[in-house]
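> turn this into a structure:
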Amino acid sequence: MQRIIEYISVFLALILVLPVHEFAHAFAAVKNGDLTPKLAGRYTLNPLAHFDIIGLCCFVLAGFGWAKPVPINPDNFNNRKTGSFTVAIAGVAANYIFAFVFYPIAILSFRIPQFGYITKVLHYVVRLSLVFFVFNLIPVYPLDGFMAVDALKKHRDPFYDFLRYKGIYVLYALFALSIAADLFDVPQLNVLGIAINFVVSVIEKPITLFWGLFF
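Next up, the predicted model:
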């Protein structure tokens, strides 16, 4: 029963976290002159417009996953390089800001016993926002980290080609290990999760230190 509650809490948190990330991409693209996200129905905070079933299941089961990429056309940008880079980082920037804003709300909810499961959902909103921030900065196509590198890189090389064409298969293998770790209760297999959790513990410190001045 406890595991079911955890899955439901994660899902409810994702309804808030994922749309913010994807809408930020769409917003940045439109501001840079590309109306493709609007025409594709992605210029919205409606979670149904952004959910990817496999990515959502991975998020609920393994703790990290993905949404449907927002379609963009860099040829429409006022400045292709600037537009491509700002669109790439817009989603992760929105997730970090979201975590920053929701952290004090989550802390306050702990002090109100009547909040119950809402507190757990708020905790996951902060946690998953930071996880999404870290995961999407992995420089593997089609994640945001790769798109940012692609926007800045002038010349392609074998390492770039690996990240562009082969890196996703390494990521799939790490996904499989993470799901196996959860299913068979062998946490040591969750290599990607361990790495992400470590980075999250580092990047959340500025948030906790800042709000610690007030709570």
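
> how many other residues sit next to Pro104?
By other C-beta atoms under 10 Å, the residues close to Pro104 number 15. In this view, the C-beta of every residue, glycine as well, is placed from N, C-alpha and C.

> what kind of secondary structure is it in?
helix (DSSP: H, G, I helix; E, B strand; the rest coil).

> use 534 as the first number from now on
All set: I'll call the first residue 534, so the last point we hit is now Pro637.

> and the pLDDT at it?
Here, the pLDDT recorded for Pro637 equals 96.

> that one and Val620: what is the separation?
Separation of Pro637 from Val620 (C-beta to C-beta, to the nearest Å): 29 Å.

> lowest-scoring secondary structure element of this structure by mean pLDDT?
helix 586-595 (a mean of 75; mean pLDDT, DSSP states H and E).

> packing partners for that helix?
If you count contacts as 3 or more C-beta pairs under 8 Å, 6 or more residues apart in numbering; DSSP states H and E, helix 586-595 packs onto helix 535-564, helix 700-716.

> for that helix, what is the distance to the chain centroid?
12 Å (C-alpha atoms, centre = their mean, to the nearest Å).

> and stretch 730-740, by the same measure?
14 Å.

> give me the mean pLDDT for it.
The model assigns stretch 730-740 a mean pLDDT of 97.

> export that stretch as CSV, just CAs?
C-alpha atoms of stretch 730-740 as CSV (Å, rounded to 0.1, in the frame of the first residue of the first chain):
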residue,chain,number,x,y,z
ASN,A,730,20.9,11.8,-6.6
PHE,A,731,24.5,12.9,-5.9
VAL,A,732,24.2,15.8,-8.2
VAL,A,733,20.8,16.7,-6.9
SER,A,734,22.2,16.8,-3.3
VAL,A,735,24.8,19.3,-4.5
ILE,A,736,22.5,21.7,-6.6
GLU,A,737,19.8,21.7,-3.9
LYS,A,738,22.1,23.2,-1.3
PRO,A,739,21.8,26.8,-2.6
ILE,A,740,18.0,26.4,-2.3
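
> what comes into contact with that stretch?
Applying C-beta atoms under 8 Å, 6 or more residues apart in numbering, the external contacts of stretch 730-740 come out as 629, 632-633, 636, 659-660, 663-664, 666-667.

> how about the residue nearest to the spatial centre of the chain, secondary structure?
For the chain, Phe665 is the residue whose C-alpha lies nearest the centre (C-alpha atoms, centre = their mean; 2.3 Å). Here Phe665 is helix, with the state taken from three-state DSSP.

> swap in Ile605?
Following three-state DSSP, we place Ile605 in the coil state.

> ok, it - contacts?
558, 562, 567, 569-570, 620.

> try it again at 10 Å.
Taking C-beta atoms under 10 Å, 6 or more residues apart in numbering, we find Ile605 in contact with 558-559, 561-563, 565, 567-570, 573, 575, 616-617, 620-621, 680.

> same question for Asp690.
No contacts exist for Asp690 under C-beta under 10 Å, 6+ apart.

> over to it: give its phi and psi.
phi -150, psi 180 (degrees, to the nearest 10).

> separation between it and Leu696?
In terms of C-beta to C-beta, Asp690 sits 10 Å off from Leu696.

> just the element for the residue lying closest to Phe618 once chain neighbours are set aside, please.
Excluding its sequence neighbours, the residue lying closest to Phe618 (C-beta to C-beta, 6 or more residues apart in numbering) is Ala684, at 4.0 Å. Ala684 is part of helix 677-685 when elements are defined by DSSP states H and E.
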